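>>> When you get a sec, could you give me coordinates for this:
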Amino acid sequence: MQAVWNGQVIAESDDTVVVENNHYFPTSAVAEGVLHPTDSHTVCPWKGTASYYSVTVDGETNPDAAWYYPEPKAKAESIRDRVAFWRGVKVSPKV
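From the prediction side, this is the model:
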């Protein structure tokens, strides 16, 4: 799978975990320098508290376009150290 935003591949991996129709990429599969932590957080009753990153490519920023669970609950342990995307980031099979 790959994640593309602003015409650039920002993550690519054959090892994604799908939860609720979202592909969670290993953090190591994300291009260096693309993710920037934000102060945003949301809570999922079964996954835990999500933290967010803004995605920056070629000087353009997509706020809170990626999220991760730094301390997922036990049922969501499979997404630890992984990141998912939304807000215009296209996630699809590698071309």
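
>>> neighbouring contacts of stretch 54-69?
5-8, 10, 24, 27, 30, 33-36, 38, 40, 42, 44, 47-53, 76, 79-89 (C-beta atoms under 8 Å, 6 or more residues apart in numbering). Placement of C-beta: from N, CA and C, glycine included.

>>> 6 Å instead, please
5-6, 8, 34-36, 38, 40, 47-48, 50-53, 79, 83-85, 87, 89 (C-beta atoms under 6 Å, 6 or more residues apart in numbering).

>>> can you tell me which of those are in strands?
If you go by DSSP state E, the contacts of stretch 54-69 have 5, 8, 35-36, 38, 40, 48, 50-53, 83-85 in strands.

>>> Now render the residues you listed as a markdown table, adding neighbour count.
As requested, the ones in strands among the contacts of stretch 54-69 are exported to a markdown table (neighbours: other C-beta atoms under 10 Å):
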| residue | neighbour count |
| --- | --- |
| 5 | 23 |
| 8 | 12 |
| 35 | 21 |
| 36 | 13 |
| 38 | 15 |
| 40 | 13 |
| 48 | 18 |
| 50 | 18 |
| 51 | 18 |
| 52 | 20 |
| 53 | 21 |
| 83 | 24 |
| 84 | 25 |
| 85 | 25 |
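
>>> In a markdown table, list these along with distance to residue 61 and pLDDT.
Listed next are those as a markdown table, based on distance: C-beta to C-beta, whole Å; pLDDT from 0 to 100:
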| residue | distance to residue 61 | pLDDT |
| --- | --- | --- |
| 5 | 10 | 98 |
| 8 | 13 | 97 |
| 35 | 11 | 98 |
| 36 | 8 | 98 |
| 38 | 10 | 98 |
| 40 | 13 | 98 |
| 48 | 26 | 98 |
| 50 | 19 | 98 |
| 51 | 17 | 98 |
| 52 | 12 | 98 |
| 53 | 10 | 98 |
| 83 | 16 | 98 |
| 84 | 18 | 98 |
| 85 | 14 | 98 |
